[in-house]
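J.: below are the sequence and a predicted model for it; my questions follow.
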Amino acid sequence: MYVPHERRSLLISLLEQRGYLRTAAVAHELGVTEETVRNDFIALQRQNLLLRVHGGARYLPPTGDRNDAVRMESQFIRLILAHVPENACIYADDSPLLRHAFVQLGERFCSLLTPSLHMVDAQRAPALAQRIILPGGVLDKETQLIRADGGALDFLRVHRPDLALLCPTAAVSPQSIAYRHALQAEWAHAACQTARQIALILRPDAMNNTDTHNISCNPHLLIATSDVPAHFLTMPHELVPIITIQDIRDAQQM
């Protein structure tokens with residue numbers, strides 16, 4: 001019996017080989033229910049890995065190194081958006097990935113807490129429905145983050161985010177993450193202390209970096225590639241894996 005991310009990797013492998021899968025047939029082949037397969041197809045479509053069609057799914061193939069990187073970013077963004085509730089108050093780290101994710105929220109309303117002018121610039125399109133809440137304070141020119149009057153913790157205590165989206169530049173484990181700049185770490189630490197839920201987004205390069213501004217974190221949700229080190233999987237959080245090209249190759253060897 002496959003665990004969900006193994007089963008989904010296998011579905012992608014089968015789609016790569018066959019081009020199209022019928023829900024009923026592949027459910028019988030894998031020994032699971034049609035509802036399970038439909039749910040897998042929905043999850044994989046959110047990651048831009050397949051196209052659901054009547055009665056089944058069609059494969060969307062990668063087309064080269066650059067497109068594979070774009071494809072992985074698309075998966076991250078789709079999984080982030082799947083966990084952003086309507087009308088939520090959200091703190092988001094300043095990162096290109098999260099800027100792109102918020103642009104794709106489109107007409108879904110939320111309140112965005114951010115100290116980042118980069119994030120504000122990305123949300124200027126008039127069609128976007130987000131309400132942006134900035135702290136008062138002094139702009140740090142190096143990071144383009146605001147040093148809040150009274151500190152980051154006081155600002156976030158007032159607004160109390162429903163969800164903190166953290167995208168650190170380095171991670172030893174989900175409980176020990178790091179940032180390049182002290183001000184980035186200060187804001188993330190305040191978010192960990194005030195948010196009702198914490199979603200930690202770990203890009204593959206975050207596990208190779210050694211930035212020194214460390215904070216402690218106890219995430220409720222981990223969005224990462226499925227090949228994270230084993231000790232990442234022992235933490236008390238839900239793992240939502242990104243399906244990598246290596247996952248597909250591994251599934252072909254099963």
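T.: Sure, I can see it.
J.: ok, now which ones touch residue 186?
T.: Going by Cβ atoms under 8 Å, 6 or more residues apart in numbering, residue 186 touches 151, 152. (C-beta placed from N, C-alpha, C; glycine too.)
J.: before we move on, what SS does it have?
T.: What DSSP: H, G, I helix; E, B strand; the rest coil gives for residue 186 is helix.
J.: can you give me the pLDDT of it?
T.: The score at residue 186 is 97. That number is its pLDDT.
J.: for residue 199, see how far away it is.
T.: For residue 186, the distance to residue 199 equals 19 Å [Cβ to Cβ, to the nearest Å].
J.: equivalent analysis for residue 75, please.
T.: For residue 75, the distance to residue 199 - Cβ to Cβ - is 15 Å.
J.: for residue 41, same thing?
T.: Distance of residue 41 to residue 199, computed by Cβ to Cβ: 23 Å.
J.: what's the answer for residue 171, then?
T.: The value you get for residue 171 to residue 199, if Cβ to Cβ is used, is 14 Å.
J.: repeat that for residue 131.
T.: Distance of residue 131 to residue 199, given as Cβ to Cβ: 20 Å.
J.: and if you look at residue 147?
T.: Distance from residue 147 to residue 199, by Cβ to Cβ: 25 Å.
J.: just residue 177 next, same as before
T.: 12 Å.
J.: isn't residue 190 up against residue 152?
T.: Yes - when contacts are counted by Cβ atoms under 8 Å, residue 190 is listed as touching residue 152 (3.9 Å).
J.: can you tell me which residues contact residue 168?
T.: Per Cβ under 8 Å, 6+ apart, neighbours of residue 168: 93, 177, 178, 179, 188, 200, 202, 206, 211.
J.: a strand runs through it, doesn't it?
T.: No - assessed with three-state DSSP, residue 168 is coil; it does not lie in a strand.
J.: and the closest residue to it other than its chain neighbours, what are its bridge partners?
T.: Closest residue to residue 168 apart from its sequence neighbours, by Cβ to Cβ, 6 or more residues apart in numbering: residue 177 at 3.9 Å. Applying DSSP bridges to residue 177 gives these bridge partners: residue 171, residue 215.
J.: residue 177: neighbouring residues, count only.
T.: Residue 177 has 27 neighbouring residues, counting by other Cβ atoms under 10 Å.
J.: that one contacts residue 212, doesn't it?
T.: No - using Cβ under 8 Å, residue 177 is not in contact with residue 212; the gap is 11.8 Å.
J.: quick one: mean pLDDT for stretch 144-151?
T.: 95.
J.: tell me the buried residues in it?
T.: Within stretch 144-151, the residues scored as buried using 16 or more other Cβ atoms under 10 Å are 144, 145, 146, 147, 148.
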